[in-house]
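Asks: Only the shape, not the letters, is given here:
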């Protein structure tokens, strides 16, 4: 499907609503004022009359293709588009040769590459000489993080601009334009109208597609939220278990637990489960939190985390997910200590630096007479036989132990109440 905001001319009356509402100038693009508004970096390029190569990174339905077309229009460049999904080496060569011919005739070319992250590394390298020579001004569009998916050499020759998901204000502007185009109001109550914006999840194209369905309904009473849900299929949340969104959400979950905020931790857990994340992956991460962030401050936490994993194994979904939620709340409200974590890091560092350093003679094993004659085990005291039943620690390269008052970041144990949430009563925040 072509992009919602792709610049276009007149469309036939039976064209999809999204086609008929495509912006015809950059001023009509909604939701990207940080790039296109007064003082925005792309606006400054246009005012200077010279475009640089760029990567437009953002979710679907936010205007990547449209901005590229309108940029070419505003700067007087010839617009040429290819898709990394359908194009190969032959298509790229043809595009470059065409652009070279235009350049010889004094015409600049804006080469728009949709889904540019789908080109492999070698294909991406093929752009470099043509960008460097100025044969094309490259504008790539991607929904994936460019730092993971694009060559460093290509990124160094381009500016990366991040397009934002459309907020309610921007989506509301689209609905207003749609109603003006159709010359009638959407058959929705105010509450249902707000719910429609939520269903769009920041995607303007999807919002207009749903609106077109609603405009086609026969006359009658405006739909409330429940009737709207029965009319439209709820969109699955944007989540890819192998992409950046996965790492962003698991980071948010872990840091919420670490920050003793059970409300936030439950929310991010639910987001990942609703997006289709493997619950056992989450269970493994919860066990890690218990070891890494709580440790000796609450040794029970590791048992709770492992029990949650075993419970999910036994019950499966959806009941087993409640065990994961219970573990997350326990960990978020538990006192925190990184004493063992820091002590082990220090011990590992010392072990690497000291190599084959021998233990002190008095704590070496002495199973033979020769070894005893060499002083192995000499002076060792059996701790239970001492008056205190405990002796001072033997000499250690680390000089401190987990939880000691001298260990960095582990001076005592901290307990934070977070939002004030406690088991048995509702969360303190909505």
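Replies: All right, it came through fine. Every value quoted in this text rests on a predicted model; they were computed, and no experiment measured them.
Asks: Same question for stretch 327-345: list its buried residues.
Replies: For stretch 327-345, the neighbour count (16 or more other C-beta atoms under 10 Å) marks 327-343 as buried. No exception for glycine: its C-beta is placed from N, CA and C like everyone else's.
Asks: Beyond the helix or strand hosting residue 321, next helix or strand please.
Replies: Following DSSP states H and E, one finds residue 321 within helix 319-333. Counting by DSSP H and E, the element after helix 319-333 in chain order, helix or strand, is helix 339-354.
Asks: chain center to that next one, what's the gap?
Replies: 32 Å (C-alpha atoms, centre = their mean, to the nearest Å).
Asks: And for stretch 85-95?
Replies: 31 Å.
Asks: Name the residues that touch that stretch?
Replies: With contact meaning C-beta atoms under 8 Å, 6 or more residues apart in numbering, stretch 85-95 is reached by 80, 82, 111, 114-115, 118, 123, 126-127, 136.
Asks: and with 10 Å instead?
Replies: By C-beta atoms under 10 Å, 6 or more residues apart in numbering, the surrounding residues in contact with stretch 85-95 are 80-84, 109, 111, 113-115, 118-119, 122-123, 126-127, 130, 135-136.
Asks: So for stretch 364-384, what gets flagged as buried?
Replies: 366, 376.
Asks: and what of stretch 65-81?
Replies: 65-72, 74-75, 77-81.
Asks: go on, stretch 118-130?
Replies: Of the residues in stretch 118-130, those buried (16+ other C-beta under 10 Å) are 118-119, 123-124, 127, 130.
Asks: can you list those in JSON lines and add secondary structure?
Replies: Shown next, in JSON lines, are the buried residues of stretch 118-130 (DSSP: H, G, I helix; E, B strand; the rest coil):
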{"residue": "118", "secondary structure": "helix"}
{"residue": "119", "secondary structure": "coil"}
{"residue": "123", "secondary structure": "helix"}
{"residue": "124", "secondary structure": "helix"}
{"residue": "127", "secondary structure": "coil"}
{"residue": "130", "secondary structure": "helix"}
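Asks: From residue 310, how far off is residue 283?
Replies: 9 Å (C-beta to C-beta, to the nearest Å).
Asks: residues shared between the contacts of these two?
Replies: By C-beta under 10 Å, 6+ apart, residue 283 and residue 310 have these common neighbours: 320, 323.
Asks: out of the two, which sits in the more crowded spot?
Replies: Higher neighbour count among residue 283 and residue 310: residue 283, with 22 against 13, using other C-beta atoms under 10 Å.
Asks: With adjacent residues omitted, what lies nearest to the more buried one?
Replies: Spatial nearest neighbour of residue 283, chain neighbours left out: residue 309 (3.9 Å); criterion: C-beta to C-beta, 6 or more residues apart in numbering.
Asks: again, but for residue 293
Replies: In space, and not counting its chain neighbours, residue 293 is closest to residue 258: 4.8 Å by C-beta to C-beta, 6+ apart.
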